[in-house]
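Colleague: Provided below for reference: sequence and predicted model.
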Amino acid sequence: MNKKLYFECRSGISGDMAVAALLDLGADQEALDRALKSLPVEGFRYEITRVKKAGLNVCDFNVILDPQIENHDHDMEFLHGHGPEEHQEHGHDPLHEHVHSPELPHEHVNRPELPHEHVHSPELPHEHAHRPEPPHEQGHRHSHAHRGLNEILEILDQGHMTEGARNTAKKIFRILGEAEAKAHGVDLEHVHFHEVGAVDSIVDIVAAAVCADSLGIQEVIIPCLYEGCGTVRCQHGILPVPVPAVANILEAEGLSVRFMDLEGEFVTPTGAAIAAALKTSERLPEKFKILRTGMGAGKRTYKRPSILRVMILGEEEEKERICKLETNIDDCAGEALGYTMERLFEAGARDVHYTPVFMKKNRPAYELSVICTEDRREELENIIFQETTSIGIRRIPIERTTLSRRMVQVELPWGKASLKVCGTKDREWVYPEYESVAQLARKAGMPFAKMYQLVKESVF
């Protein structure tokens, strides 16, 4: 059964939502803990807990920054300029608020975190990867430390994770960097992520990459991202939703998006970059089985609960669709029929043959039969109409049972020969390919039948 990973982003997507959903789906927590503890990054710890969202028991991944580098990610009054009665919750992602270039002034804002209801689960015990800063560096690094993309890539190189996870994390950061560079009008190498924003973004991105990699599923389906409307406040002022970095990612990566009539930033830059890096398809199979479901919580509250749902889908392998084309031909030259056969094989027909038949009024004729796959059918029908006098073709969908098959080559004194090996788990049959046998027979000056037998025997 083919397995696919499906992201249902109807309530948006952020870094922490993606990580939580993947953990709930069964991602390797030990691999995650090992990777985060190995990062040369200070000033954070993290928790994996269960929380209630719209009455549902969902997983929460919470990156907790040291007080001196805390941010406004959960402060709805800061983000949207609303009063306390309108405080709301969603995923955190400060990257677009703290990216700057030499041309853009940097400013620092302390960001208090809203209370968040946590219910610790025995299945998902909270874990910590604490990185305390040396006392003499606290405060100073907060105001002046910056990280360029190359520095972040070096951090990723030092983490203990698989190469697949590392490459995915680097891809996510490059997507983010290119989006921010375009937004601020600078080259990629001049984009710097301020440490306040970079710490939890590094953690979210590494965590998402490690969790996705640990599931071992290569095909990721993300049909559409759902984004809100309105504005959001960041370091550079009030920006429209989607913020420029998200809009740039949607444009550059070809992600489909649907705007909801709901105010709020539902898609964060990190969430959009994760979706862009992981997505391999946006089309769900016609039918499938849901093998497992994971749900991840966001930390901002909007009218639509911030829950990202991720599913592992099982799809039965589709049987190859075979089609048989038939037509009767009674007034066509033999040479034309031979040429038609050549063209049909060249165009991908699996098999072509003629059967002598007698038609009405006892006219001698030939029945042309063509075996092909459904995707080649139309082209092959056109060839039949072009090259023969047929005015109608019967089309018959058929099923077939086939032996496993593989091609092998053997070395003989006169050169290489190709053979087709077919069989079951109990027995195999060998069939030399005509062209290679004929070529060797001519070269050796040997009868075809004798060379055929020599090639066949060379396999055993």
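Modeller: Noted; the coordinates are in hand. Numbering: from 1, shown residues only.

Colleague: what ranges do the helices span in this protein?
Modeller: Ranges of helices within the chain are 15-25, 29-38, 76-80, 95-98, 140-144, 149-158, 163-184, 195-215, 244-253, 269-278, 334-346, 377-387, 434-444, 448-457, based on DSSP state H.

Colleague: go through those and pick out the most buried.
Modeller: Comparing the helices of the chain by mean neighbour count (mean count of other C-beta atoms under 10 Å), helix 15-25 comes out on top with a mean of 30. C-beta: built from backbone N, CA, C; applies to glycine.

Colleague: and that helix, how far out from the chain middle?
Modeller: How far helix 15-25 lies from its chain's middle: 16 Å, per C-alpha atoms, centre = their mean, to the nearest Å.

Colleague: next: stretch 304-315.
Modeller: 15 Å.

Colleague: now that stretch: average pLDDT?
Modeller: For stretch 304-315, mean pLDDT rounds to 93.

Colleague: and it, C-alpha only, in CSV?
Modeller: Output of stretch 304-315 as CSV, limited to C-alpha atoms (Å, rounded to 0.1, in the frame of the first residue of the first chain):
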residue,chain,number,x,y,z
ARG,A,304,-11.7,29.5,13.4
PRO,A,305,-9.8,27.3,15.9
SER,A,306,-6.1,27.1,15.0
ILE,A,307,-5.7,23.4,14.5
LEU,A,308,-3.5,21.8,11.8
ARG,A,309,-4.6,18.3,10.9
VAL,A,310,-2.2,15.9,9.2
MET,A,311,-3.0,12.4,8.0
ILE,A,312,-1.2,9.4,6.7
LEU,A,313,-3.2,8.1,3.8
GLY,A,314,-3.0,4.6,2.4
GLU,A,315,-3.7,4.1,-1.3
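
Colleague: okay, the helices of the chain in JSON lines with distance to residue 362 and mean pLDDT next?
Modeller: Compiled in JSON lines, the helices of the chain are given as follows (distance: least, C-beta to C-beta, whole Å; pLDDT from 0 to 100):
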{"stretch": "helix 15-25", "distance to residue 362": "70", "mean pLDDT": "97"}
{"stretch": "helix 29-38", "distance to residue 362": "77", "mean pLDDT": "96"}
{"stretch": "helix 76-80", "distance to residue 362": "87", "mean pLDDT": "50"}
{"stretch": "helix 95-98", "distance to residue 362": "82", "mean pLDDT": "40"}
{"stretch": "helix 140-144", "distance to residue 362": "98", "mean pLDDT": "39"}
{"stretch": "helix 149-158", "distance to residue 362": "80", "mean pLDDT": "91"}
{"stretch": "helix 163-184", "distance to residue 362": "69", "mean pLDDT": "92"}
{"stretch": "helix 195-215", "distance to residue 362": "68", "mean pLDDT": "86"}
{"stretch": "helix 244-253", "distance to residue 362": "67", "mean pLDDT": "95"}
{"stretch": "helix 269-278", "distance to residue 362": "67", "mean pLDDT": "96"}
{"stretch": "helix 334-346", "distance to residue 362": "19", "mean pLDDT": "95"}
{"stretch": "helix 377-387", "distance to residue 362": "25", "mean pLDDT": "95"}
{"stretch": "helix 434-444", "distance to residue 362": "36", "mean pLDDT": "92"}
{"stretch": "helix 448-457", "distance to residue 362": "39", "mean pLDDT": "92"}
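
Colleague: same list, these, but as JSON lines with distance to residue 393 please.
Modeller: Converted to JSON lines, the helices of the chain look like this (distance: least, C-beta to C-beta, whole Å):
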{"stretch": "helix 15-25", "distance to residue 393": "49"}
{"stretch": "helix 29-38", "distance to residue 393": "56"}
{"stretch": "helix 76-80", "distance to residue 393": "64"}
{"stretch": "helix 95-98", "distance to residue 393": "59"}
{"stretch": "helix 140-144", "distance to residue 393": "76"}
{"stretch": "helix 149-158", "distance to residue 393": "58"}
{"stretch": "helix 163-184", "distance to residue 393": "48"}
{"stretch": "helix 195-215", "distance to residue 393": "47"}
{"stretch": "helix 244-253", "distance to residue 393": "44"}
{"stretch": "helix 269-278", "distance to residue 393": "44"}
{"stretch": "helix 334-346", "distance to residue 393": "12"}
{"stretch": "helix 377-387", "distance to residue 393": "5"}
{"stretch": "helix 434-444", "distance to residue 393": "28"}
{"stretch": "helix 448-457", "distance to residue 393": "35"}
